[in-house]
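> Output the structure for:
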Amino acid sequence: MSEIEIIKIIASILALMVAIIGHEIMHGYIAYKYGDPTAKLAGRLSINPLVHIDPVGTILVPAILYITNAPFLFGWAKPVPVNMDIVIKNGGYKAAIAVALAGVTYNLLLAVFFATILPLFSQPTDLLSAFLVLFVVQSILINVILAVFNLWPIPPLDGSQVVYYIAKSLRWDKVVELYEKIYPYGMLILMIILFIPGLSNILFAPAEWILNIILP
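Model (predicted):
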């Protein structure tokens with residue numbers, strides 16, 4: 001394995017960790033702002049990666065994507081515990097939606113930030129500058145993909161939480177009932193979608209649109 005390949009792996013792992021850990025911390029942080037101390041008391045507002053590692057989302061899925069030479073790398077951290085009853089009591093369903101969208105907002109803002117500074121690292125001259133370029137590029141790609149992925153309306157992803165609480169606020173009872181019924185099977189549905197050739201590419205298409213907007 002060449003030096004540049006090793007650097008790319010390290011840069012990709014670091015970019016992924018920053019993206020997924022920050023994503024989860026933001027859920028807990030916004031919930032905390034609405035009076036829910038659950039994540040804070042559980043030590044999940046920490047930047048320590050060990051408390052956020054999910055065996056499937058942080059290790060298995062990224063490893064499979066890398067081994068199979070997938071065109072992108074993504075994953076997820078262990079969900080931060082949130083007591084939505086407290087959040088809704090203090091801020092209503094809008095607060096619940098804000099908590100659900102906190103991680104996606106973080107990822108999109110981070111992607112825009114790295115896209116803005118990318119021109120500063122466009123001409124690497126040594127291994128360190130090459131690492132910085134790869135880290136910035138991977139950060140843009142991973143954060144955009146993670147944001148799009150989490151907006152899918154499939155439990156337990158953030159998009160499903162947004163739809164669920166919008167439905168609750170508008171009293172769309174049948175939508176609420178549907179989500180409550182399929183929630184236990186959400187991860188299975190998600191795994192099937194991710195590994196059906198072609199289907200996940202269609203659902204990830206918005207990532208390409210976003211990248212075309214934020215990148216020169």
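
> Give me the distance from the one helix or strand in the chain whose mean pLDDT sits lowest to the chain's centre.
One helix or strand of the chain scores below all others by mean pLDDT, DSSP states H and E: helix 199-203, with a mean of 73. Averaged C-alpha coordinates place helix 199-203 at 17 Å from its chain's average position (CA atoms, centre = their mean, to the nearest Å).

> do the same with stretch 178-188
19 Å.

> C-alpha coordinates for it, CSV please?
Presented in CSV, the C-alpha positions along stretch 178-188 are these (Å, rounded to 0.1, in the frame of the first residue of the first chain):
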residue,chain,number,x,y,z
LEU,A,178,-47.7,4.0,9.8
TYR,A,179,-44.4,5.3,11.2
GLU,A,180,-45.1,3.7,14.6
LYS,A,181,-45.8,0.3,12.9
ILE,A,182,-42.7,0.3,10.6
TYR,A,183,-40.3,1.7,13.2
PRO,A,184,-39.2,-1.7,14.5
TYR,A,185,-38.3,-2.7,10.9
GLY,A,186,-36.6,0.5,9.9
MET,A,187,-33.0,-0.7,10.1
LEU,A,188,-33.8,-3.8,8.1
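
> Flag every buried residue along it.
For stretch 178-188, the neighbour count (16 or more other CB atoms under 10 Å) marks Tyr179 as buried. Every C-beta, even on glycine, is put in place using the N, C-alpha and C of the backbone.

> what about it, average pLDDT?
For stretch 178-188, mean pLDDT is 90.

> Mind listing residues that contact that stretch?
Ile154, Pro155, Pro156, Leu157, Ser160, Val163, Tyr164, Ala167, Ile189 (CB atoms under 8 Å, 6 or more residues apart in numbering).

> Reformat those as CSV; add distance to Phe74, neighbour count and secondary structure.
Listed next are those as CSV, based on distance: CB to CB, whole Å; neighbours: other CB atoms under 10 Å; DSSP: H, G, I helix; E, B strand; the rest coil:
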residue, distance to Phe74, neighbour count, secondary structure
Ile154, 15, 21, coil
Pro155, 18, 21, coil
Pro156, 16, 13, coil
Leu157, 12, 20, coil
Ser160, 17, 20, helix
Val163, 21, 20, helix
Tyr164, 23, 24, helix
Ala167, 27, 18, helix
Ile189, 17, 13, helix
